[in-house]
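# Here's a sequence, model it:
(4 chains, ligands or ions: 4)
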Amino acid sequence: MSETEILRYQGISKRFGGVNALVDVSFAVNRGEIHGLVGENGAGKSTLIKITGGIYRKDAGQIFWNGSPIDVTSPIHAQDLGISIVHQEIPLCNNLTIAQNVFMGNLITKGVTPDWPAMEEKTVELFRQIGQKVNPRQRVGELSVAMRQLTAIVQALRSKSQLIIMDEPTAALTPGEVETLFEVLRKLKAEGTTIMFVSHILSEIMTITDRITVLRNGRHVATVNTEDTSIPEIIGMMVGDIPLPGHKETVAKRDDVVLEVKNLNKASLGLKDISFRLYRQEILGVAGIQGAGRTELATCLFGVHPPDSGTIEIEGKPVAITNPRAAIEVGLGYLTEDRRNLGMFSDMNIWQNATAVIIDQLTNSGVLDQDEIEQVAFRSVKDLRIRTSGLEQKIRYLSGGNQQKVMLARWLNAKPKILILDEPTRGVDVGAKAEIRRVIQELVRQGISVIVISSDLEELLNISDRVLVMANGRIRGEYLAHEATTDKVMALATLK
Amino acid sequence: LAAEKKTYEFVIITHSASIDFWVPLVKGAQDAAAMINAANPNVEITVRHTGPRLFNVSEQRDIMENVIEAGVDGIITTLPDPTAFDEPVAQALARGIPVIGTNTDAGPNNPRLAYVGQGQIAAGRALGRKLIELIGTKGKVGIGIEDLGHTALQERLQGLTEVLDETDIEYTVLVTTADLTQGASVLESYLIANPDAKAIVNVDANTQCHGVVLRNLGLKGKVVSAGFDLVPATLQNIVDGYTAFTIDQNPYVQGFYPVMQLYLYHEYGIAPGDIDSGVGIIDASNVQQVMELAQKGYR
Amino acid sequence: MKSTSEKTVAGGPAAQPAEIPLYRRILQRQEFGVFLALILISIFFSVSTTTFLTMPNMLNVMRQISINGIIVMAMTFVIIIKDIDLSIGSTFALVSMLVAIMFNTYGVNIWLASLIGLILGGILGLINGVVAVKGQLPPFIVTLGSMMIYRGLALVISGGVPAAVRLPETFFMFTGARVFGRIPVPSLWFLGVTLIAGFILHRTSYGFKVYAVGGNAEAARLAGIDVDRVRITNFVILGVVSGLAGIISMSYLSSVTPTVGQGIEMQVIAATVLGGTSMLGGVGTILGSFLGTLVLGVVRNGLVLMGTSAYLIDLITGIVLILAVFVSSYAHREKR
Amino acid sequence: MKSTSEKTVAGGPAAQPAEIPLYRRILQRQEFGVFLALILISIFFSVSTTTFLTMPNMLNVMRQISINGIIVMAMTFVIIIKDIDLSIGSTFALVSMLVAIMFNTYGVNIWLASLIGLILGGILGLINGVVAVKGQLPPFIVTLGSMMIYRGLALVISGGVPAAVRLPETFFMFTGARVFGRIPVPSLWFLGVTLIAGFILHRTSYGFKVYAVGGNAEAARLAGIDVDRVRITNFVILGVVSGLAGIISMSYLSSVTPTVGQGIEMQVIAATVLGGTSMLGGVGTILGSFLGTLVLGVVRNGLVLMGTSAYLIDLITGIVLILAVFVSSYAHREKR
Ligand SMILES: Nc1ncnc2c1ncn2[C@@H]1O[C@H](COP(=O)(O)OP(=O)(O)OP(=O)(O)O)[C@@H](O)[C@H]1O
Ligand SMILES: Nc1ncnc2c1ncn2[C@@H]1O[C@H](COP(=O)(O)OP(=O)(O)OP(=O)(O)O)[C@@H](O)[C@H]1O
Ligand SMILES: [Mg+2]
Ligand SMILES: [Mg+2]
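Ligands and ions are numbered 1, 2, ... in the order given. Below is the predicted model:
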């Protein structure tokens, strides 16, 4: 056992029912390095992390911590050992404030009384380090997914652990935030902290890590030095073959306006004077930094929070959208960015989740048509290559990326005229990203118009025909995709 | 010149105001008030009825305190606890509000001026003796009780079992709860388990479910049914031959006399005294007459 | 959707054993636990009494559980959706009281009176639903309030006096009697309601929506499901069904008291939860609720058959209840 | 999310509240609604009766609510954490019965007997907690079971007979009497328990953990909070406090019946929820629970003072309860 190893996995296996999530995984993490962990959706990354964190018990194998064999029995145990984890699902208490969440397990107290002013001050300071200004007294339930993600990260940074494990911490973040986060990680590394880092954005992996471990179907494929490898090689190890980025052609009909929004305002969401058009068969990207109001715009259009003023016209006819059902009836669809809270029916299975929007159409006078449902769901699983043990599998037992694909399937099955996708590729692997891109282009060819909100700006520019840039609840400008560059968009997005 | 009319407000407090048992008691009280009002044009007596919905000593005490606070002229109350009502009754008397116990009496230290009602233990004994006349001194009997720990019912049970203990009768106590459906289920289960049972009795108004039980099991005429209280279904069961007899404590009387006593106390300073409201046995011989009176609210 | 297994390969390499044997499918079912509890309790009573396992007693048990059981079926919907209704006992009383009074005092035809009674039950449920859902108030408090209100109304319209009800023979045949070799009609109603409830919950889009709203109301709203409507409909169904149970009970007992049905809410909720329906929402089945109802009914029956002392019955029932829920949930515990 | 600007302003912790005027801070408080309901109801009774707003009556009200109120305080913790306890009435009875028997029959010193009673209350709560939490069973069913078990034990040890208790004067002084110009001692206990509960819930790490676990048990667990321990502790506190209420009630009534405390669980839960504690967890305050207790107590008191008919009291109480929860939650509704 080498002195440089802080953590070693030896022959770790884990089965869930009929699924082999991990099979005989062995590799080591060196002290003071940033260790990347990559693999397809469902490859077993989160499972390995949860075993390390004492949430799951391993079926076989041994974990060595600083050279000695350990059996992590609970999250508290993991913390005591000096391991802190940012989980993929961002578990926070929505009823508590940011500061309270950050210090949850480890309050600063004066006697028996928690010292909130001190903790709030420290929270502000911790957020400042990752480049964010916050009101530490704001309730987490009111935060965007991105801010929740940052809160979870700050929670882990606070505890000054020997090892910090981050399961897709950047999935909800915009490029600027990712950059600041990386600076913090580098600083931590310089201070001797070890970091294990999961991401599906391989450029991030190449930028930040020292070594990379690849998992595939629950098995360890390789652990390599980052400088000795390349993105194509990693993809090769992950999936076996390299998916070709789909060839993009615009089919947008610029003379046929499907959706026209005029002077839309919604004070409580901070939306001001929003006007734009969406053309038939167009893919319209919406860019902006976190907090720009993109999600708000989408929820406002979709009737979750109906606008205070302004008009929405669909195919030239003004429509009043007062709730999501009304929105669906006029032909809208909306894939939420917050799949855990606003998307999934965790205790329901794949087919139920995938058909929720169209369930009334899959019946014979109210009685479920199981054959048809099965067909629809089966097609979704096949088209999106959802990795599951069966259509009856509860969605909460899928890996994060596969859950996301089921959510996407729900809206693809609904076949709306206008589909709003909020962070559609969040948490999905390289192959699936290409797949989703292909599906979007296929939809557009079939006559659907799509609005895509994505924090992955490069991807957004690749996929869109045209890009709107939002900041502070306003639309700051727009570019045709081939004219746009990351820099131009960011310049608009960060305009004060 | 007619003198200024004197108005008296009397309040009846019962320990489970929502049950039907109190209907004749309240009617007796109101009748007494009406008679007095008619006989003496100088007084105007009003009577009202209150109490916790279900048996609850502490809530009844709260209500009594509230009534005292509201400043009434007389309280007629059940006293279903040996000591819990000693203090509020004393408090009422100290304030010049006379208190008469009715239906259920407290322990010997309670300062209430008088008690009008039946001795519960005596009533239980009466049930037992009448039952022995019908079934002899051997065999099995199922005894239903709505609520264990309820003072009055527990005393009736005590009287009944005292009598049965002197014989060779084997009895089983069954909790029927106040819910009829459940009560019927329990008695049915008992009769199925004891096909040789000679009788089922209840120490409370749940006697009314006996008809269903016996009809259901085809035991009409084979198993004797008996119990307490006058409720329409029980009387109908006596008419139909399911139930042999029921014991009544004349609740009408328990409302009537206390009002009279309070009136006499206020008008002439006559101290109230205890009155036994008797043990009425209703069986096939007198059920028709009782039903007519019950229709009018006297029984 | 039994046999999806052959088609799951698409998901990729995580292919499962193609055929799960029947006995494992049964073992894995959520209801297996409560079924096991039922079997254990039944074996115990069969051994310890001579009368438990006889046809007349079994039929009696079926009759005894049928009134509560009918309500349990609708309560299952309400609890799956994370709501609760404490007013069922009062609805039960008010409806049967009203039907009795219409029939006894006003000479309304009993079938018509019953129909009006069911409609009234629906209206009482609707009031619960609208106040709780549209008023965005906690159903616990709303139905605690309406429990008092409906019971109060039953007291007021009856003047506190019970009603003896002598029903026409045909009506009695369809509600309270025993038919074909002493099968009690209430138990047929119970079975009928169970089947219908099972069909609605497990085979229709309405049932689907109940699960969706119970699992994640906000997500259901975003998926275009009319959350308020589903919740209110649940309350209406429960009201109608409580009224039905009241009418059947009235017919069976030939009488109504204004206090009838007091406290059944706890028994009904207990049976539902024992059957595996989670008060945290989104989980539960009709089969489970049926078995939960049976467990409670069998325990009550068996203890009396054994001649257990009255002072001990509650104590033992409590212990059995906890053991039953333990067996029931332990058999279907997810292992991590 | 009131406005985006508010969110992004780097709030110096103390900076924000200082600018909001006092009356708005009161209006925004979660408890304002139930406070408003209390005021409205009190005004109504003050106008419609001559006795409501007198010192003796107010003291009476305080006394009457104190027994339930003491328990409400601990129930608030349990409900915030998303648990429930139906066994409090039985714990109440069993503890007071045991103390009475120890004192009456075995001549144990009353202070020692009371101490043993409180410990017993804690053990009963511990049993609830351990079975529900460690057994991972629904607290609703577990405590429904223990409600029957504890009540059964109270019946068994008492033989179904009430016990009259004549307590030593000093003990009575400290528990059941009235002091300083007729202030009832139980109400002082109530105030004391309220203050302690408020301190623990709002000013200690333990209280914070209660909110955290109630908000998201999984997140709390991952953050290193011993979720099971907090939940079990809550049950223990509730058990002790229920026992305390039982002893005070025994002292005040000078007697215990084995049926004492039946049904108080509903009143206690109603007061808690009316006071703004959400059964969905994570939300609630001691001040709210205090006001909720007051509302229910005032309604009960006022209706009797008004001379409302016994048949109508429940009906009206039900209506007032729903109106109160409506006012209470409407006044603090978030507008979007
Ligand atoms: N609790 C569970 N029960 C059953 N199956 C599970 C459970 N948790 C994970 N799995 C399965 O184990 C496999 C590995 O899942 P895991 O979450 O570790 O993947 P991942 O590599 O983190 O994927 P992603 O990139 O999508 O997050 C998947 O097939 C998943 O369906
Ligand atoms: N009052 C609220 N309570 C709970 N959630 C809220 C509230 N208001 C907004 N949200 C959620 O916050 C998110 C919007 O956050 P944000 O202001 O960061 O929007 P955004 O510009 O879309 O952010 P991003 O650019 O990261 O997508 C949405 O998911 C929305 O559902
Ligand atoms: Mg994962
Ligand atoms: Mg967003």
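# Just the pLDDT for residue C:312.
Per-residue pLDDT puts residue C:312 at 88.
# Send me the helix or strand hosting it as CSV with only the CA atoms.
Following DSSP states H and E, one finds residue C:312 within helix C:310-330. The C-alpha coordinates for helix C:310-330 follow below in CSV (Å, rounded to 0.1, in the frame of the first residue of the first chain):
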residue,chain,number,x,y,z
ALA,C,310,-62.5,-7.5,28.3
TYR,C,311,-59.8,-5.6,30.2
LEU,C,312,-57.1,-7.2,28.0
ILE,C,313,-58.8,-7.0,24.6
ASP,C,314,-57.6,-3.5,23.8
LEU,C,315,-54.2,-4.2,25.1
ILE,C,316,-53.8,-7.3,23.0
THR,C,317,-55.3,-5.7,19.9
GLY,C,318,-52.8,-2.9,20.2
ILE,C,319,-49.9,-5.4,20.4
VAL,C,320,-51.2,-7.4,17.5
LEU,C,321,-51.6,-4.2,15.4
ILE,C,322,-48.0,-3.3,15.9
LEU,C,323,-46.8,-6.8,15.3
ALA,C,324,-48.9,-6.9,12.1
VAL,C,325,-47.6,-3.7,10.8
PHE,C,326,-44.1,-4.9,11.6
VAL,C,327,-44.5,-8.2,9.8
SER,C,328,-46.2,-6.4,7.0
SER,C,329,-43.5,-3.8,6.4
TYR,C,330,-40.6,-6.0,7.3
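# Strands of the stretch 151-300 of chain A, residue ranges please.
All strands of the stretch 151-300 of chain A, identified by DSSP state E, counting those that start in this stretch, fall at A:163-167, A:194-198, A:211-216, A:219-225, A:253-266, A:271-280, A:283-287.
# cool, chain B as well?
Assigned by DSSP state E, the strands in chain B fall at B:6-13, B:43-50, B:74-77, B:99-102, B:114-117, B:138-145, B:168-175, B:197-202, B:224-228, B:245-248, B:275-276, B:280-283.
# Those: which one's closest to ligand 1?
Nearest to ligand 1, of all these, is strand B:168-175, at 46.0 Å by CB to the nearest ligand atom. Every residue, glycine included, has its C-beta placed from N, CA and C.
# is that closest one anywhere near chain C?
Yes. Using CB under 8 Å from any CB of the partner chain, we find that strand B:168-175 touches chain C at B:172, B:173, B:174, B:175.
# buried sites along that strand?
For strand B:168-175, burial by neighbour count (16 or more other CB atoms under 10 Å in any protein chain shown) applies to B:169, B:171, B:172, B:173, B:174, B:175.
# would you turn the strands of chain B into JSON lines with mean pLDDT and distance to residue A:14?
Conversion of those to JSON lines gives the following (pLDDT from 0 to 100; distance: least, CB to CB, whole Å):
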{"stretch": "strand B:6-13", "mean pLDDT": "93", "distance to residue A:14": "68"}
{"stretch": "strand B:43-50", "mean pLDDT": "92", "distance to residue A:14": "67"}
{"stretch": "strand B:74-77", "mean pLDDT": "96", "distance to residue A:14": "70"}
{"stretch": "strand B:99-102", "mean pLDDT": "95", "distance to residue A:14": "74"}
{"stretch": "strand B:114-117", "mean pLDDT": "92", "distance to residue A:14": "74"}
{"stretch": "strand B:138-145", "mean pLDDT": "93", "distance to residue A:14": "58"}
{"stretch": "strand B:168-175", "mean pLDDT": "90", "distance to residue A:14": "52"}
{"stretch": "strand B:197-202", "mean pLDDT": "94", "distance to residue A:14": "62"}
{"stretch": "strand B:224-228", "mean pLDDT": "94", "distance to residue A:14": "66"}
{"stretch": "strand B:245-248", "mean pLDDT": "92", "distance to residue A:14": "71"}
{"stretch": "strand B:275-276", "mean pLDDT": "90", "distance to residue A:14": "80"}
{"stretch": "strand B:280-283", "mean pLDDT": "89", "distance to residue A:14": "76"}
